[in-house]
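Student: What would the 3D arrangement of this be:
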Amino acid sequence: KESIDAIEKVKNAINKWAFEEFGGKLYVAIESIELNESEIEIDKKNEDFRKKWNKLSDKLEMDKKRKFTWKLTEIFDESKLKVPKQHTNKTECQICHRDDVADNFSFYNLEKLKSIVNFEKEAEDEGVIHQLCYQLLLLGDNLTNVERIYRHNSTLSKDGFLAFPGITTSFAYYSAETKSEIFWEINGTDEDQLQFFYSNYVTKNEDLPPEIKENAFGDFKEDYQLRHAISFESLPKSKQIELENNFYLRTADFENLALYSRGADLIACLRMDVDNMGRILAEDMKPLNLVTLANLSKMLNIFFKVYLNEICKCKLGSINGVAVDPLNITAKDYSQGRKVSVVYSGGDDLFIVGAWDEVTELAYDIQRCFKEYSGLGISGGLTLHKPNFPLYQMAEISLRAVNTAKNKKDATGRETKNCIALFYNESWKIKNRKLNDRIERINRVYARNDNVNDRITLAIKWNELYEIALLTEQLDKIYDDLPHGFYQKLFAVIKIWQEDSKLYMPAMNYILRKIQDISQDKSKTEEMMKVLITLDLEKMKSLHLPLTWVENLNKKME
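Tutor: Numbers count the residues shown, from 1 in each chain. Prediction:
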């Protein structure tokens, strides 16, 4: 009973804070279950533990569906309802989008800016940021440059901390800069210290090429003037140097990551999730006990929070004593790692953004390393975006891409998983609907049994990704030797295949013969003709992927 009461106390403290700070959007589900001595015995035949584990999972799911039940009386009390004072996107937090905490917004000194003629227009266009989001923004940057995270029992004067509800005290404060006697080592190896596994790989401003770095610092100085209503050059030289040094340690923004991409200035958003984790814990894991559970949890943490950092650095390790090279179809210099940033990685999933061409290659590296490490399957979704596209929308779309990969079916209709939805684009859904309508009409006339899903591949197996990468590499080598319209014609061939099934081959043959006549390098063209003319139907379904890849690689930077 004492343990159950303690757990409930922790749960209520956390969720009271979560409700007030996030307006009911965030809930931490916590449940417990009692075990007797026989149920925790490390015995291969102990099925009682598995039953209790599955029961605990059911309790947790139920808790998620009944969040904040202890606050229902207050939530439905009309006398305590608060009407938000703000209703415009200019006065909502630019990160969490709350519009009911205007008194806590703290980022730009808007009133001071509006009193200065030079900044009046800029001040009107600037958004604001919630105090908690502001602190987390700074803390997140700090955690990429330090080896420890500290806990304090009193308020901190320096920005960049998380105020989290305590049990013995009202709040505990966590910081990466202000030191204290209580601390955790980030990805440390000293077993005598408290450990904090954390995937903190990011591309910093100091990692950017000189020309991009210089432009980024220019933008920073303008932003500083806008935020503080004071000219950067008017600051003392020592202050300017301090701010410049701090700037280079900050995480590079999306615009500068996109500029580092080859070709199109785009950001890629990658999400990956281990397949069948629930089934593994509920059915497959043998024996299932506290020791095997703890070991699985620790090993997954080590991969997603420690080893992942090394994969992003292009240090993949070795297999059977042979060093594994990163996928690099454009021969970029990866000696300093990839230009990507880990938003989140832990448990059994991850979320990474960065230069679109490098994230695409990274996805394959992560999968093959995870396969070698664990033997388990993992599904992924990768989407492309302009750098000003909202991050939370990237997250939602790429999550739908992951679900598409997990729902991929084989010829028997069984879910295969262990796939990636590459360059996932929801416009294909619209095309699917139009094609379905067209095919249904044809089927009715000719008494056929056809399906649009046999014509478009939205998710591919990981070995197919490697094959597509090789085809992209071949196409890239001859890109400048062929007229740009060649690739557009290939996209047209795909459309013919999707609409008219096997009647695409005459169009493919005609295009290739025409290209052969005008090609400057006959040997390269003939080699590519052999590849394209012999594509089987399965490859034809995914031809849009290497074409999208090579087209983006060769888009001229604006």
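Student: pLDDT below threshold where in the stretch 451-558 of the chain?
Tutor: Along the stretch 451-558 of the chain, the parts satisfying pLDDT under 70 run over 451-455, 499-505, 514-529, 531, 533-537, 557-558.
Student: Helices of that one, start to end?
Tutor: Taking DSSP state H, counting those that start in this stretch to define them, one finds helices in the stretch 451-558 of the chain at 462-477, 485-500, 504-518, 522-533, 537-541, 544-553.
Student: most tightly surrounded among the ones you listed?
Tutor: Highest mean neighbour count among the helices of the stretch 451-558 of the chain (mean count of other C-beta atoms under 10 Å): helix 544-553, with a mean of 21. Bear in mind the C-beta positions are built from the backbone N, C-alpha and C, glycine included.
Student: the inter-axis angle of that helix versus helix 485-500?
Tutor: Helix 544-553 and helix 485-500 are oriented at 150 degrees to each other (axes from the mean of the first three to the mean of the last three C-alpha atoms, to 10 degrees).
Student: Okay, buried residues for stretch 27-35 please.
Tutor: Across stretch 27-35, burial judged by 16 or more other C-beta atoms under 10 Å covers Tyr27, Glu31.
Student: What's the separation between the residue nearest the centre of the chain and Asp273?
Tutor: In the chain, the residue lying closest to the centroid (C-alpha atoms, centre = their mean) is Phe351, at 2.4 Å. To Asp273, Phe351 is 10 Å away according to C-beta to C-beta, to the nearest Å.
Student: quick revisit: looking at the helices of the stretch 451-558 of the chain, which is closest to Leu391?
Tutor: Leu391 sits nearest to helix 544-553 of all the helices of the stretch 451-558 of the chain, at 20.4 Å, using C-beta to C-beta.
Student: list the helices and strands that closest one packs on?
Tutor: helix 356-374, helix 462-477, helix 485-500 (3 or more C-beta pairs under 8 Å, 6 or more residues apart in numbering; DSSP states H and E).
Student: Need the contact partners of it.
Tutor: 262-264, 266, 330, 356-357, 360, 384, 422-423, 457, 460, 468-469, 471-472, 475-476, 479, 487, 490-491, 494 (C-beta atoms under 8 Å, 6 or more residues apart in numbering).
Student: repeat that for 7 Å
Tutor: Under the criterion C-beta atoms under 7 Å, 6 or more residues apart in numbering, residues 262-264, 266, 330, 356-357, 422-423, 468, 471-472, 475-476, 479, 487, 490-491, 494 lie in contact with helix 544-553.
Student: Who are the contact partners of Gly278?
Tutor: Contacts of Gly278 (C-beta under 7 Å, 6+ apart): none.
Student: what about it, which helix or strand?
Tutor: Gly278 belongs to helix 277-279 when assigned by DSSP states H and E.
Student: Of all the residues in the helix or strand following that helix, which ones are buried?
Tutor: Next helix or strand after helix 277-279 toward the C-terminus (DSSP H and E): helix 290-302. Applying a neighbour-count criterion of 16+ other C-beta under 10 Å, one finds Leu296, Leu300, Asn301 buried in helix 290-302.
Student: In TSV: these, plus pLDDT.
Tutor: Shown next, in TSV, are those (pLDDT from 0 to 100):
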residue	pLDDT
Leu296	92
Leu300	94
Asn301	92
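Student: I'd like to know which of the helices of the stretch 451-558 of the chain is closest to Gly140.
Tutor: Gly140 lies closest to helix 544-553 among the helices of the stretch 451-558 of the chain, at 29.0 Å (C-beta to C-beta).
Student: quick revisit: quick check: mean pLDDT across the helix holding Gly278?
Tutor: The average of the pLDDT scores along helix 277-279 is 87.
Student: Ok, stretch 336-356 next?
Tutor: Here the average pLDDT along stretch 336-356 is 94.
Student: Now that stretch: buried residues?
Tutor: Buried residues in stretch 336-356, counted by 16+ other C-beta under 10 Å: 337-343, 345-346, 348-356.
Student: for stretch 144-162, same thing?
Tutor: Thr144, Arg148, Ile149, Tyr150, Arg151, His152, Leu156, Gly160, Phe161, Leu162.
Student: Can you redo those residues as CSV, where the extra columns are secondary structure and distance to His97?
Tutor: CSV is the format used below for the buried residues of stretch 144-162 (DSSP: H, G, I helix; E, B strand; the rest coil; distance: C-beta to C-beta, whole Å):
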residue, secondary structure, distance to His97
Thr144, coil, 25
Arg148, strand, 32
Ile149, strand, 27
Tyr150, strand, 30
Arg151, strand, 30
His152, strand, 30
Leu156, coil, 26
Gly160, coil, 22
Phe161, strand, 23
Leu162, strand, 20
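Student: Point out where the stretch 301-450 of the chain drops to low pLDDT.
Tutor: 411-413, 429-432, 434-436, 438-450.
Student: mind checking the SS state of the residue lying closest to Glu473 once chain neighbours are set aside?
Tutor: Spatial nearest neighbour of Glu473, excluding adjacent residues (C-beta to C-beta, 6 or more residues apart in numbering): Ile329 at 4.3 Å. Here Ile329 is coil, with the state taken from DSSP: H, G, I helix; E, B strand; the rest coil.
Student: Tell me who's in contact with Ile329.
Tutor: Contacts of Ile329 (C-beta under 7 Å, 6+ apart): Glu361, Ala469, Thr472, Glu473.
Student: before we move on, back to that, tell me which of the buried residues of stretch 336-356 fall in helices.
Tutor: With helices identified by DSSP state H, the entries of these that belong to them are Trp356.
Student: Tell me, how many residues neighbour the nearest residue to Ile42 once chain neighbours are set aside?
Tutor: Computed as C-beta to C-beta, 6+ apart, the closest residue to Ile42 that is not its neighbour in sequence is Asn289, at 5.0 Å. Residues within reach of Asn289, counting by other C-beta atoms under 10 Å, total 20.
Student: can you check Glu8 too?
Tutor: As a burial measure, Glu8 scores 13 neighbours (other C-beta under 10 Å).
Student: so it is in which element?
Tutor: Secondary structure (DSSP H and E) places Glu8 in helix 2-22.
Student: Using PDB, write out the CA atom coordinates for that helix.
Tutor: Extracted in PDB, the C-alpha atoms of helix 2-22 (Å, rounded to 0.1, in the frame of the first residue of the first chain):
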ATOM      1  CA  GLU A   2       2.800   2.400   0.800                       C
ATOM      2  CA  SER A   3       4.400   1.800  -2.600                       C
ATOM      3  CA  ILE A   4       1.000   2.300  -4.400                       C
ATOM      4  CA  ASP A   5       0.400   5.500  -2.500                       C
ATOM      5  CA  ALA A   6       3.900   6.800  -3.400                       C
ATOM      6  CA  ILE A   7       3.300   6.100  -7.100                       C
ATOM      7  CA  GLU A   8       0.000   7.800  -7.000                       C
ATOM      8  CA  LYS A   9       1.600  10.800  -5.400                       C
ATOM      9  CA  VAL A  10       4.200  11.100  -8.100                       C
ATOM     10  CA  LYS A  11       1.600  10.600 -10.800                       C
ATOM     11  CA  ASN A  12      -0.700  13.300  -9.500                       C
ATOM     12  CA  ALA A  13       2.200  15.800  -9.000                       C
ATOM     13  CA  ILE A  14       3.400  15.400 -12.500                       C
ATOM     14  CA  ASN A  15       0.000  15.500 -14.100                       C
ATOM     15  CA  LYS A  16      -1.200  18.500 -12.100                       C
ATOM     16  CA  TRP A  17       1.900  20.400 -13.500                       C
ATOM     17  CA  ALA A  18       1.300  19.000 -17.000                       C
ATOM     18  CA  PHE A  19      -2.400  20.100 -17.000                       C
ATOM     19  CA  GLU A  20      -1.600  23.600 -15.900                       C
ATOM     20  CA  GLU A  21       1.400  24.000 -18.100                       C
ATOM     21  CA  PHE A  22       0.000  22.400 -21.300                       C
END
